[in-house]
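Novice: give me the fold of what follows.
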Amino acid sequence: MTASKENIHVEDPYIFLEEVESDESIAFATSANEKCLDQLGDPSETDTYKRVLEALESDDRIPHVGLLGYEEGTGDMLLYNFWKDSKNPKGIWRKTTLTSYQSANTEWTTVLDLDELAKEEEISWVWKGYVPLPRSLDDPEKSGYKPSSDSSAPQGRVTRVLLNLSRGGADATYLREFDLLTESFVLDGEEKGFVLPEGKTRARYKSRDVLLVGADTGEGSMTTSGYPRTAREWTRGTKVEDAPIVFEGKETDVSCGQYLYDEAHREGGAMYEVQSRSISFYNSEYSVRKDQSDEFVKLAIALNSEVSFFGSWMLLRVKADWEPKDNGSEKVFKSGSLIYVDVQDFLDFSKAKEDGNEDVIKEAGSKLNYHTLFEPSATTSYAGYSTTKNYLILYMLDDVKEQLKFFKIGEGGGPFVLVGGDEEGQILSASASAVDSKESDLIWLTTSSYTQPSTLHLADASKCNEDDYIVSKLKSLPHMYDSSELEVSQHFATSKDGTKIPYFMIAKKGIVLDGTTPTLLYGYGGFEISLGPRYASTVGISWLERGGVYVEANIRGGGEYGPQWHQSALQEKRNKAYEDFISVGEHLVASKVCTPKTLACKGGSNGGLLTGNMLVQAPDLFGAIHIAVPLLDMQRYHKLLAGASWMAEYGDPDTDDWKNFLNKYSPYHNIDEGREKYPNLLVTTSTRDDRVHPAHARKMVKKMWDLGEGKDWPVFYYENMEGGHGGAADSKQSAFMTSLSYDFMWRALTGSLP
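Specialist: Numbering: from 1, shown residues only. Below is the predicted model of the structure:
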């Protein structure tokens, strides 16, 4: 990439549609929606809609919970859950105890009714979660917090949270402090509550009365990507714009922030304070201190590393080979590895590197003792970890099949020891999250697969190799569709450059391979995000039960085989992801699962860019395409909303990147106006999407309508007026959009479109 800024852009006649809520834009969307429903019918009147909505609002869904302390007197766990159903479409935040949660008929107490709040304030609120005031940072007299010991159970509860509420589903949220003791918002009384207007705010408690916050406080406070550029230490009762700036990045950074990482409860640990500066989507600088009186030390790590802590250990995930000249040892740590080292030793080494004295650097380096938790092979990759009081649970993939490995912290806080886990990968999804990572080794263990509904168990990590590892089966989702005749299989296609591309196929047992089966190919291929087995009732109801085949392609750009799988499709190599997806489609046709007339593809966000490129690069391979909340204009994406933050993924259109490669995979610029026929196309987006601008979809559709006049270009467009990047703000909207999508594709592949 060069730094030249040539005037390479052509005039865009549809740029007026970038004004999100202008009269002209809203008129276009409203007219397009009416036209779409006139042609395709109202999705809310279909059986698909009714069944999907029933599944989304079913009382049989698993109410996943989070612990926010212990009940005074009984010591029972206090568990909180956010729940939406037909009576509460916007949702209620509610609580129960572990004792009640373990029973067949859980008794819930409503803490906050979002439907009532929305009605009262006349705002279409969408729940975006909360940030708790950690018990260890609260006033013990208010929280009752006492850490457990050999002779006592843990005590205390979370007393305050920062609620994030979105208007219509946008990423930008309103921040409002909520008191869990009074179960009400903290207003102007003895304690003035923390409140911030709509914005892409980041906030965490530093103490009961102090926040570390990044917010839009005026000129210079946000980056060009639209995220906080500064971190402030905001004291209760003062104005946020008057709060002192304690850390700041550059305007061209993606974001920056400061936060506490509490490991003081573990042997040798501390209340680490971290400053992070995201220079790009994948490159960050970290500075750390162990004590409030210490100076921050910039970590001597590669910019694309990830940093976390466990007791006295610093964990580093390296995304490129880390050489001895940089890490101070005699080892090369392979890209994709997860390693750990003593925090203080590494801070001393980092300080020495910062000061630049070679003798001191060498001496500090000699004290470093790195340990490896995970090193990838040709087929395995790291997929994350979770922790309990004494255990680290590692997630890994082996040819995209999941495995869990259990490591116990050594005696006296020493190195981790592998004590159990899966021997081989399986085609299922398993997650193990701590019930209370400070006080217990109990975990919420959730398992599911493409055809098996989710089951939630209470398990004990300390018994991972014993018969009583599962403490109790808590909840299970019933089958939401008939999967009795379905089977899941894994296959491999060969991409253009010879790379083997895995994909999972869900189909009826003994499927007749004659090419007549409607087949849906789904993909994403970006940002190191992996696709894998999970129970999706909407896919089952809308597609599989009808007799269709569903396929997920694990193409490059994702994280299925670690950082190198992702990096092999970045920027000028983006074509690899599209070649991979095409190879899977061609493999399905060659295997006689389908023909191009019976093959559809679907993708959203970056996956919308993927399917947009299928439209312009391989239109004869598909009978129908659904492009959802997409990027499509790769010449202006970096100027629209959060787009600037993705230049590390795609490239910079204001440089030679545009003429060298970006123009080749910008669907908006590659519509072939000389082509007589394009496959059936549905494009959907949301007016309230403040991550990927709705103009990508609007401009693509308007251009295709204009250029395709008189040609066989069947293009349908629907823009939901709420929903944010998820495309829907509540269950009814989700069911509507799901029905619109799957019914469209099914009708297109079966020849029943109008």
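
Novice: all contacts plus neighbour counts: C-alpha atoms, from now on.
Specialist: Fine.

Novice: look up how far N606 lies from the residue nearest in space to the middle of the chain.
Specialist: To find the centre residue of the chain, average its C-alpha atoms and take the closest one (C-alpha atoms, centre = their mean): that gives I529, at 8.1 Å. I529 sits at a distance of 10 Å from N606 (criterion: C-alpha to C-alpha, to the nearest Å).

Novice: cool, G547 as well?
Specialist: Applying C-alpha to C-alpha, the value for G547 to N606 is 28 Å.

Novice: count of neighbours near the closest residue in space to L181 that isn't next to it in sequence?
Specialist: Excluding its sequence neighbours, the residue lying closest to L181 (C-alpha to C-alpha, 6 or more residues apart in numbering) is T159, at 5.9 Å. A count of nearby residues for T159, using other C-alpha atoms under 10 Å, gives 23.

Novice: just the strands in the stretch 201-350 of the chain please.
Specialist: Ranges of strands in the stretch 201-350 of the chain, per DSSP state E, counting those that start in this stretch, are 202-207, 210-214, 230-235, 245-248, 255-262, 271-278, 284-289, 297-298, 306-310, 313-317, 338-342.

Novice: now those strands as a markdown table including distance to L640, mean pLDDT and mean neighbour count?
Specialist: Listed next are the strands of the stretch 201-350 of the chain as a markdown table, based on distance: least, C-alpha to C-alpha, whole Å; pLDDT from 0 to 100; neighbours: other C-alpha atoms under 10 Å:
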| stretch | distance to L640 | mean pLDDT | mean neighbour count |
| --- | --- | --- | --- |
| strand 202-207 | 21 | 98 | 21 |
| strand 210-214 | 21 | 98 | 23 |
| strand 230-235 | 22 | 98 | 24 |
| strand 245-248 | 23 | 97 | 17 |
| strand 255-262 | 16 | 96 | 23 |
| strand 271-278 | 19 | 97 | 20 |
| strand 284-289 | 23 | 97 | 21 |
| strand 297-298 | 32 | 97 | 20 |
| strand 306-310 | 28 | 98 | 19 |
| strand 313-317 | 31 | 98 | 22 |
| strand 338-342 | 35 | 98 | 21 |
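
Novice: for I582, helix, strand, or coil?
Specialist: Classification of I582 by DSSP: H, G, I helix; E, B strand; the rest coil places it in helix.

Novice: any idea how far T611 is from it?
Specialist: Distance from I582 to T611, by C-alpha to C-alpha: 10 Å.

Novice: compare these two (neighbour count), which wins?
Specialist: Shown here are I582 and T611; by other C-alpha under 10 Å, T611 has more neighbours (31 against 23).

Novice: show me the contacts for that one.
Specialist: C601, K602, G603, I625, H626, I627 (C-alpha atoms under 8 Å, 6 or more residues apart in numbering).

Novice: picking that back up, so which of the strands of the stretch 201-350 of the chain gets nearest D12?
Specialist: Closest to D12 of these is strand 255-262 (C-alpha to C-alpha; 29.8 Å).

Novice: that closest one pairs with which strands, and in what direction?
Specialist: Strand pairing for strand 255-262, determined by DSSP bridges: strand 271-278 (antiparallel).

Novice: ok now the partner strand, how far from the chain's centre?
Specialist: Its chain's C-alpha centre and that of strand 271-278 lie 21 Å apart, by C-alpha atoms, centre = their mean, to the nearest Å.

Novice: give me the angle between that strand and strand 202-207.
Specialist: Calculated by axes from the mean of the first three to the mean of the last three C-alpha atoms, to 10 degrees, strand 271-278 forms an angle of 160 degrees with strand 202-207.

Novice: from the rest of the structure, what touches strand 271-278?
Specialist: Here strand 271-278 has contacts from 247-249, 253-264, 284-292, using C-alpha under 8 Å, 6+ apart.

Novice: was I right to think P563 contacts E528?
Specialist: Yes - P563 lies in contact with E528 (C-alpha atoms under 8 Å); the separation is 6.9 Å.

Novice: identify the contacts common to these two.
Specialist: Listed as contacting both P563 and E528 by C-alpha under 8 Å, 6+ apart is no residue at all.

Novice: these two touch, right, P324 and I301?
Specialist: No - using C-alpha under 8 Å, P324 is not in contact with I301; the gap is 11.7 Å.

Novice: and the two? Which one has more around it.
Specialist: Just comparing P324 and I301: by other C-alpha under 10 Å the higher neighbour count belongs to I301, 19 against 13.
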